[in-house]
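Novice: Kindly return the folded structure for what I paste below:
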Amino acid sequence: MTVMSATTQPATESECVDIARAAGLTAEQAQAMRNVAASWAMENMAPTVEELRVGAELVAGRIDFAEARRQLGV
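Specialist: Residues are numbered from 1 along each chain as shown. Model prediction:
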């Protein structure tokens with residue numbers, strides 16, 4: 001059995017909440033982030049913890065789009 005790292009396995013709902021809080025998102029922004037993550041999961045494209053963290057930082061205005069792309073390697 002292969003063990004996945006925290007940056008490659010899909011984020012859980014509780015991780016999503018923790019990430020949103022750490023980024024200082026509003027309750028509405030955090031709910032939207034959870035909804036997107038759940039929607040992607042239904043399509044077998046669940047975001048990773050790292051993708052959610054970078055997305056939350058972007059939404060919170062702590063990083064810009066170019067920095068988000070750099071952090072995610074795209």
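Novice: low-confidence ranges in the chain?
Specialist: Applying pLDDT under 70 to the chain flags residues 1-8.
Novice: Which single helix of it contains the most residues?
Specialist: The residue-count maximum for a helix in the chain (DSSP state H) belongs to helix 27-42.
Novice: Quickly find the element holding the residue nearest the centre of the chain.
Specialist: Nearest to the mean C-alpha position of the chain, counting by Cα atoms, centre = their mean, stands Leu52 at 0.8 Å. Using DSSP states H and E, Leu52 sits in helix 49-59.
Novice: what's next to the helix or strand following that helix, contact-wise?
Specialist: The helix or strand immediately downstream of helix 49-59 is helix 65-72, counting by DSSP H and E. Residues outside helix 65-72 that contact it (Cβ atoms under 8 Å, 6 or more residues apart in numbering): 50-51, 54-55, 57-58, 63. For the C-beta atoms, the positions are set from N, CA and C on the backbone; glycine is no exception.
Novice: possible to save those as TSV with neighbour count and distance to Arg69?
Specialist: Formatted as TSV, the contacts of helix 65-72 follow (neighbours: other Cβ atoms under 10 Å; distance: Cβ to Cβ, whole Å):
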residue	neighbour count	distance to Arg69
Glu50	18	13
Glu51	20	12
Val54	22	9
Gly55	21	12
Glu57	20	12
Leu58	17	10
Ile63	17	10
